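[1] Sequence and computational prediction follow.
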Protein chains: 2
Amino acid sequence: MARSSKRQDVLAGALTVFARDGYARASIDVIAAEAGVSTRTLYNHFGDKAGLFQAVIQESATRVAAAQLAIVESHLTEITDLESDLVAFGIAWRTPIPDFAEHWALVRQVNAEAGHIPEDAIDAWQEAGPLAVQRAIADRFAAFAADGLLRLDDPVRAALHFALLISGSNLSYRGGPKPDLADTVTTGVHAFLHGYAG
Amino acid sequence: MARSSKRQDVLAGALTVFARDGYARASIDVIAAEAGVSTRTLYNHFGDKAGLFQAVIQESATRVAAAQLAIVESHLTEITDLESDLVAFGIAWRTPIPDFAEHWALVRQVNAEAGHIPEDAIDAWQEAGPLAVQRAIADRFAAFAADGLLRLDDPVRAALHFALLISGSNLSYRGGPKPDLADTVTTGVHAFLHGYAG
DNA sequence: GGGTTAGTACAACGTTCGTTGTACTTTGAG
DNA sequence: CTCAAAGTACAACGAACGTTGTACTAACCC
């Protein structure tokens, strides 16, 4: 087994366990077992549980952000019909890459645990993840506005509104029948472009 | 000290501690101290930690939902100018009633912990809280649509979109400089009504 | 091939926590 | 006032957990 891969193994196992159980519930022994690693190497790499957690959220955020930036790049550069292109973008955006499900569960853990995470770590995490993606979308929207495709004052806020509208949000991470993705995105994009005024 | 108030004391203390620390971190002894109650009476009332948690989220959800339903009632019945009335509603909606800050922190805990809470409890919580409020807003929106004030196919989805747009959402529960509430609501309502199409 | 480096297995520690039992005290209704 | 119901103080338990030290083994570089 290659030595340098152990670190990645630990990060992957810790992501799984932290995302599922949260910081407090997650036990070092379970993480080590999930990663196929002894607890001692885990401590040798990351110092303690808090250090491991911060490394995990940072790594997961940058990895997912990179994937999302690629989707922005590939879907929001050449525009033929804005509405259908936004729908295609939204669907690509929200299509659940299976490995990323754990990331979103981890995001919920971070949201809940924010008061127990050092501020530096939260800031770095936001910068590497959500804020970077939000800025990328905002840049594209600003370009669309310059071309007269959109009418907006604050591109960052517009990007936030777009992300919210296609998120569908509520409690869908529970089992149950998941709402139709295409429906959620199509109606979200429609609301984003045209609003509900009568 | 009135006997029947002990139960409410426990619920209030448990809300504070669960909201701040999360289920796993929260300890029974700390909750009992916060409530000014012995651990034994806590167990006598709620059985065990899980039972207490479910009672707390249910009570908090119904209490906040009642307050929100009152705001819907008082702001969305008589409409003079839809946009300004929606702004006023959004501001009243989002104005942080101080006691309710703990509730929203608890919501984040529930979102993170959903996999470790029995499905019945989650369902009951959703029904007593978010879904009831969402339906109330949807009913008002449907009435507005009947009057030609709004143009929509699915009132429930429109209510969700409205709630998302005025939520401002991102990580504002952290300290730092909180974004201007009036700004967030005004722009959110504008996007909700008119969209961003150029 | 030898030696440094990284990884493992394992025991041990101190602490924290949920939970229960028990004997005692307070409270409130009749 | 009386007495049953509710609350308290306190000790005790078993289990789980984070963390460290240590002696041993496997992997890699020259």
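    Sure, I can see it. It should be emphasised that the depicted structure is a prediction, and the values quoted were computed from it without experimental measurement.

[2] Contacts only, for A:Leu42.
    A:Leu42 sits next to A:10, A:28, A:31-32, A:35, A:52 when contact means C-beta atoms under 8 Å, 6 or more residues apart in numbering or on different chains. For every residue, glycine as well, the C-beta is placed using N, CA and C.

[3] out of these, who's nearest DNA strand D?
    Closest approach between the contacts of A:Leu42 and DNA strand D, by C-beta to the nearest atom of the strand: A:Ile28, at 3.6 Å.

[4] where does A:Ser167 land on pLDDT?
    pLDDT for A:Ser167: 89.

[5] ok, so what distance separates the closest residue to DNA strand C within chain A from A:Gly13?
    Nearest to DNA strand C in chain A, going by C-beta to the nearest atom of the strand, is A:Lys6, at a distance of 3.2 Å. The gap separating A:Lys6 from A:Gly13 is 11 Å, by C-beta to C-beta, to the nearest Å.

[6] what touches both of the two?
    The contact sets of A:Lys6 and A:Gly13 overlap at A:Val37 (C-beta under 8 Å, 6+ apart).

[7] List the contacts of A:Gln58.
    Applying C-beta under 8 Å, 6+ apart, we find A:Gln58 in contact with A:121, A:124-125, A:128.

[8] list the buried ones in whichever strand or helix holds it?
    Taking DSSP states H and E as the criterion, A:Gln58 maps to helix A:49-75. When neighbours are counted by 16 or more other C-beta atoms under 10 Å in any protein chain shown, the buried residues of helix A:49-75 are found to be A:49, A:52-65, A:68, A:71-72, A:75.

[9] give me the element A:Asp139 is part of.
    Applying DSSP H and E as the criterion places A:Asp139 in helix A:130-146.

[10] Please compute how far that helix lies from its chain's middle.
    Using C-alpha atoms, centre = their mean, to the nearest Å, the mean C-alpha position of helix A:130-146 is found 16 Å from that of the whole chain.

[11] What of stretch A:185-198?
    Going by C-alpha atoms, centre = their mean, where stretch A:185-198 is centred and where its chain is centred differ by 23 Å.

[12] residues touching A:Val56, list them.
    Contacts here follow C-beta under 8 Å, 6+ apart; on that basis A:Val56 touches A:11, A:14-15, A:18, A:106.

[13] Apart from its neighbours in sequence, what residue is nearest it?
    Once flanking residues are discounted, A:Val56 sits nearest to A:Ala14: 4.8 Å by C-beta to C-beta, 6 or more residues apart in numbering or on different chains.

[14] which residues touch the one you found?
    Residues near A:Ala14 by C-beta under 8 Å, 6+ apart: A:26, A:31, A:34-35, A:52-53, A:55-56.

[15] Go again with 7 Å.
    Counting by C-beta atoms under 7 Å, 6 or more residues apart in numbering or on different chains, A:Ala14 makes contact with A:31, A:35, A:52, A:56.

[16] I'd assumed A:Leu11 was in contact with A:Glu59.
    Yes: at 5.4 Å, A:Glu59 counts as touching A:Leu11 under the criterion of C-beta atoms under 7 Å.

[17] tilt between the helix or strand where A:Leu15 lies and helix A:49-75?
    Element membership for A:Leu15 (DSSP H and E) is helix A:4-25. Orientation of helix A:4-25 against helix A:49-75 (axes from the mean of the first three to the mean of the last three C-alpha atoms, to 10 degrees) gives an angle of 110 degrees.

[18] tell me which residues in helix A:4-25 are buried?
    Using 16+ other C-beta under 10 Å as the test for burial, helix A:4-25 gives A:6-7, A:9-25.

[19] now do stretch A:82-99
    For stretch A:82-99, the neighbour count (16+ other C-beta under 10 Å) marks A:82, A:85-94 as buried.

[20] would CSV of these with distance to A:Gly168 and secondary structure be doable?
    Listed next are those as CSV, based on distance: C-beta to C-beta, whole Å; DSSP: H, G, I helix; E, B strand; the rest coil:
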residue, distance to A:Gly168, secondary structure
A:Leu82, 21, helix
A:Asp85, 20, helix
A:Leu86, 15, helix
A:Val87, 14, helix
A:Ala88, 17, helix
A:Phe89, 15, helix
A:Gly90, 10, helix
A:Ile91, 12, helix
A:Ala92, 15, helix
A:Trp93, 12, helix
A:Arg94, 8, helix
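
[21] Now do the helix holding A:Gln58 and helix A:130-146, the angle between them.
    Using the same axes, to 10 degrees: helix A:49-75 against helix A:130-146 is 20 degrees.

[22] ok, stretch A:31-41 near chain B or not?
    No: applying C-beta under 7 Å from any C-beta of the partner chain, one finds stretch A:31-41 out of contact with chain B, separated by at least 14.9 Å.

[23] Any idea how far apart the tips of that stretch sit?
    By C-alpha to C-alpha, to the nearest Å, the extent of stretch A:31-41 from end to end equals 12 Å.
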